[in-house]
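# sequence plus predicted model, see below.
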Amino acid sequence: MNRDARFAEYIEQEAQALNLGVLKVDGSRDLEATFNRIEEYFGPAEA
């Protein structure tokens, strides 16, 4: 778990250095809220 946490921190730092958005999936949002946040970032899904 420690290795995974360090890897996640590394990915977050790299994304921020590249001015990319980061969405932490840590259980603080339910599935619908997570989906809505992704949709806000990428735009609505096309059918």
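Now that the structure is in, tell me what you want to look at.
# what ranges in this protein fall below the confidence cut-off?
47 (pLDDT under 70).
# what do you get if the cut-off is 80, keeping everything else the same?
Where the chain drops to pLDDT under 80, the residues are 45-47.
# quick one, helices of it?
2-17, 31-42 (DSSP state H).
# residue 25: which of the ones you listed is closest?
helix 31-42 (6.4 Å; CB to CB). C-beta here means a position set from N, CA and C on the backbone, and glycine is covered the same way.
# need the CA coordinates for that closest one. CSV is fine.
In CSV, the C-alpha atoms belonging to helix 31-42 read as follows (Å, rounded to 0.1, in the frame of the first residue of the first chain):
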residue,chain,number,x,y,z
LEU,A,31,-20.3,7.2,-8.0
GLU,A,32,-22.7,9.8,-9.4
ALA,A,33,-20.6,12.7,-8.1
THR,A,34,-17.5,11.2,-9.5
PHE,A,35,-19.1,10.7,-12.9
ASN,A,36,-20.4,14.3,-12.8
ARG,A,37,-16.9,15.6,-12.1
ILE,A,38,-15.5,13.6,-15.0
GLU,A,39,-18.2,14.8,-17.3
GLU,A,40,-17.5,18.4,-16.2
TYR,A,41,-13.9,17.9,-17.2
PHE,A,42,-14.3,16.1,-20.5
